[in-house]
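**Student:** My questions concern the predicted model and sequence given below.
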Number of protein chains: 2
Amino acid sequence: MIQKRAKAVTIKEIATHCDVSPSTVSLVLNGSPKIKKSTRDKVIEAAAMLDYQPNEMARSLVSSRSRCLSVTVPALNHVFSDVYFGEIISGIYQEAQEAGYKILLDIAQESFIAEKEYLNILRNRRADGMLYIASTVEDRFLLEFEEHHDPLMLVNHYFPDSSLNYLSVDYKQAARLCAEHLMELGHRHIGLIVGTNTFTGLDFRDTFFAVCEENGLSKTSLPWTGCTDWDEQDGYTAARKLMSRHPELTAIMAANDRMAIGAMRYLMNKGLHVPEDISVMGVDNIPSAKFTTPGLTTLKMDLFEVGRRSCKRLLEILNGQRTACHELLEPHVILRESTGPARV
Amino acid sequence: MIQKRAKAVTIKEIATHCDVSPSTVSLVLNGSPKIKKSTRDKVIEAAAMLDYQPNEMARSLVSSRSRCLSVTVPALNHVFSDVYFGEIISGIYQEAQEAGYKILLDIAQESFIAEKEYLNILRNRRADGMLYIASTVEDRFLLEFEEHHDPLMLVNHYFPDSSLNYLSVDYKQAARLCAEHLMELGHRHIGLIVGTNTFTGLDFRDTFFAVCEENGLSKTSLPWTGCTDWDEQDGYTAARKLMSRHPELTAIMAANDRMAIGAMRYLMNKGLHVPEDISVMGVDNIPSAKFTTPGLTTLKMDLFEVGRRSCKRLLEILNGQRTACHELLEPHVILRESTGPARV
DNA sequence: TAAATAAATTCAAACGATTTAAACAAGCCC
DNA sequence: GGGCTTGTTTAAATCGTTTGAATTTATTTA
């Protein structure tokens, strides 16, 4: 037994009330200039009085535009609890809201992929466009969008050798900034903790090593540990692994702040002082990075802006003002207390 | 110039293809038992072959159900970045997804309230029901729902003296557990940091004091500071204020973990040791509470479950299996290292 | 075999808007 | 007064489904 709702005021009722046709009401409500002022006023007043709300379903049906955007995130554990995604979604929301669009949330879990829901959301007109945040290297299904050329935007990641639209922080540049910061402080033995399940993660790793080697560090003084969850626990475990095999390390570079925080926790548990004994650097500049003890040196990626601008670009594509988007944003170093000169 | 999309396969095309009427196709696709097996198979095969996807807009229009739920959060700064909301939303998503519902995101910002968007979302059939997470005491507009009796659920908060549906952690019980834990450790001078812009926050404060006083603590040994953002910065500032006026405090109780983390940061900056010099306790058990140094003693609220169950109840209401919901969940103490015996 | 019943399918009217082309009225010119 | 504009309004088609009533076809019964 489905609960029945009080039926809403329709355009037809306004029409009856004003003694005009439904078409006239529609025209007025859509601001057509060809309706006489007196009629217009009459209709507008009636609409306000009856508290008319256009039925969005009917509207979408005839216009085949739902004024909704789908935001999809990978199926990580409690994914919305991750500030990383939160910042991006906040940015997307702001831009969408200003343009009169609603946000439809989705998680790319098994059934989502198996049943091709990622295609269907656009096909069945639930959403006009799609923003896919931070896929993993396994999300190859996204490549299907290449042939279907639906309005899709990859947010803060990309697929190498594909033509899919993306807007992302420049992770190669990020790696370069991190490497340079640590080397300037005299570090020659740096342990890297990085997620290896994203293309941006792999880019970060490869570029980080390349820049270090350019500056004369040897591969053997650059141990690293890969992981997949990108969370505090990952960082904690990775730090333990690195330190047990390489006690000579004077710095740990984590490819995001949550892992850096986990690593820092491990080091302090072991009685090491940060940064006197060992430096720790993160990436993302999440809000809590400012409130760790010591404060975390990190990279500001402005994920909010990444979200906002991705959404803006997608809307431009939907409006035909643009056909593609391949854009990178610059990160910046945020200096705090967790990095210092290498111990001698 | 709006981009035009390749028009999708409709029920009519399947009909032509199978040489039956559109009605027959619809009936088959909705699993009606009154279609002959041979016809049924023919239609199903054709639908699969043509990769048919029902147009959800058309569907919603005729059924006046959108199979969407609106999730609304208060207009805090970058609200989706807050794990508190993230956990709840994750829980809501899971339940909704299993029931075949989509999630529509909203933020209760100025325009949302001024333009009565909160009513319109349900009126214009964008969503079938609404979940409103953690309102503030100022969100009195929600009371309008009382007379309109739309399917609304307040998630992890409530409005006193209203009949609105809610499902929330029991914050009075939470306050009791916290007070008892600290007093068992011998604390007699406890500073409280709490947001005063929510009813649950006010409940927490009042109950906390009541329990302490029941156990013989005097009001003067229980200073407190109110705030509104519930974040690390709030906790940091509040701790400073408390400690400068009341250096005799041996414990600080923060009404959520983010504020506790901020407070802890302040105390450590001042050279105080937690918990030897002063204990700190939080509420929520957010993931990073486990990775602070020292680990944060807190209350597990299971916000994911709060979200999941709120959504479940709302769906029950929508399905007519239930008419109201007023439910409280029990919190539990999570012992870590940030609380210890009061210094003497 | 005709009539009555059952099963399968189709018709046609919604649902609530938008939009194009047609209708209508008024004013002007010749 | 017929023909032409110009300015307003409206009828009717459309969007893609669902659904109760009507119709067709098949099966059973008398």
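**Tutor:** Yep, that arrived.
**Student:** can we go C-alpha only for contacts and neighbour counts from here?
**Tutor:** OK.
**Student:** any idea which helix or strand carries the residue of the stretch 101-250 of chain A found nearest DNA strand C?
**Tutor:** Of all residues in the stretch 101-250 of chain A, the one sitting closest to DNA strand C is residue A:125 (13.9 Å; Cα to the nearest atom of the strand). Using DSSP states H and E, residue A:125 falls within no helix or strand.
**Student:** and it, what does it touch?
**Tutor:** Contact analysis of residue A:125 by Cα atoms under 8 Å, 6 or more residues apart in numbering or on different chains lists A:64, A:65, A:66, B:55, B:56, B:57.
**Student:** for those, which one is nearest residue A:279?
**Tutor:** residue A:66 (50.3 Å; Cα to Cα).
**Student:** ok, so what distance separates that closest one from DNA strand C?
**Tutor:** Using Cα to the nearest atom of the strand, to the nearest Å, residue A:66 is found at 12 Å from DNA strand C.
**Student:** Tell me, what's the model's pLDDT at that residue?
**Tutor:** In this prediction, residue A:66 carries a pLDDT score of 94.
**Student:** count of neighbours near it?
**Tutor:** Neighbourhood size, residue A:66 [other Cα atoms under 10 Å in any protein chain shown]: 24.
**Student:** wait, what's in contact with it?
**Tutor:** A:56, A:57, A:60, A:125, A:126, A:127, A:128, B:57.
**Student:** Sitting in helices, which of these do you find?
**Tutor:** A:56, A:57, A:60, B:57 (DSSP state H).
**Student:** and these, which two are the farthest apart?
**Tutor:** Longest span within these, Cα to Cα: A:56 and B:57, 8.7 Å.
**Student:** Going along the chain, name the helices of the stretch 51-200 of chain A.
**Tutor:** A:56-63, A:83-98, A:110-114, A:117-123, A:144-148, A:171-184, A:199-214 (DSSP state H, counting those that start in this stretch).
**Student:** Adding distance to residue A:270 and mean neighbour count as columns, could you present the ones you listed in a markdown table?
**Tutor:** Supplementary listing: these in a markdown table, determined by distance: least, Cα to Cα, whole Å; neighbours: other Cα atoms under 10 Å in any protein chain shown:
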| stretch | distance to residue A:270 | mean neighbour count |
| --- | --- | --- |
| helix A:56-63 | 59 | 17 |
| helix A:83-98 | 28 | 22 |
| helix A:110-114 | 40 | 12 |
| helix A:117-123 | 46 | 20 |
| helix A:144-148 | 48 | 12 |
| helix A:171-184 | 22 | 21 |
| helix A:199-214 | 26 | 20 |
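**Student:** now for these, which one comes closest to residue B:139?
**Tutor:** That would be helix A:83-98 among these, by Cα to Cα, at 20.2 Å.
**Student:** For the closest one, give me every contacting residue.
**Tutor:** Taking Cα under 8 Å, 6+ apart as the rule, helix A:83-98 contacts A:69, A:71, A:73, A:79-80, A:102-103, A:133, A:284, A:286, A:303-312, B:78-83, B:86.
**Student:** Next up, the contacts around residue A:137.
**Tutor:** Counting by Cα under 8 Å, 6+ apart, the residues that residue A:137 touches are A:197, A:198, A:199.
**Student:** Tell me how many other residues surround the nearest residue to residue A:213 once chain neighbours are set aside.
**Tutor:** Sequence neighbours aside, residue A:219 is the residue nearest to residue A:213 in space, at 7.1 Å (criterion: Cα to Cα, 6 or more residues apart in numbering or on different chains). Neighbourhood size, residue A:219 [other Cα under 10 Å]: 12.
**Student:** Make sure residue A:219 is actually in contact with residue A:211.
**Tutor:** No - applying Cα atoms under 8 Å, one finds residue A:219 not in contact with residue A:211, separated by 11.1 Å.
**Student:** Which positions in chain A make contact with DNA strand D?
**Tutor:** Residues of chain A found near DNA strand D (Cα under 7 Å from any atom of the strand) are A:19-24, A:27, A:34-36, A:38-40, A:58, A:61-62.
**Student:** Repeat the analysis, applying 6 Å as the threshold.
**Tutor:** Residues of chain A found near DNA strand D (Cα under 6 Å from any atom of the strand) are A:20, A:21, A:23, A:24, A:34, A:35, A:36, A:39, A:61, A:62.
**Student:** Between the residues you listed, which sits nearest residue B:173?
**Tutor:** Once Cα to Cα is applied, the member of the residues of chain A next to DNA strand D that ends up nearest residue B:173 is residue A:61, at 49.5 Å.
**Student:** what pLDDT does the closest one get?
**Tutor:** So residue A:61 comes in at 95 (pLDDT).
**Student:** same deal with residue A:335?
**Tutor:** Residue A:335 is given a pLDDT of 97.
**Student:** Same question for residue A:148.
**Tutor:** The model's pLDDT for residue A:148 equals 81.
**Student:** cool, residue A:33 as well?
**Tutor:** 88.
**Student:** give me the element it is part of.
**Tutor:** Per DSSP H and E, there is no helix or strand for residue A:33.
**Student:** ok, it to chain B distance?
**Tutor:** 20 Å (Cα to the nearest Cα, to the nearest Å).
**Student:** just residue A:318 next, same as before
**Tutor:** Per Cα to the nearest Cα, residue A:318 is found 6 Å from chain B.
**Student:** what's the closest non-adjacent residue to the spatially most central residue of chain A?
**Tutor:** In chain A, the centroid-proximal residue (Cα atoms, centre = their mean) is residue A:88; its distance is 3.9 Å. Once flanking residues are discounted, residue A:88 sits nearest to residue A:307: 4.3 Å by Cα to Cα, 6+ apart.
**Student:** What is the three-state secondary structure of that neighbour?
**Tutor:** helix (DSSP: H, G, I helix; E, B strand; the rest coil).
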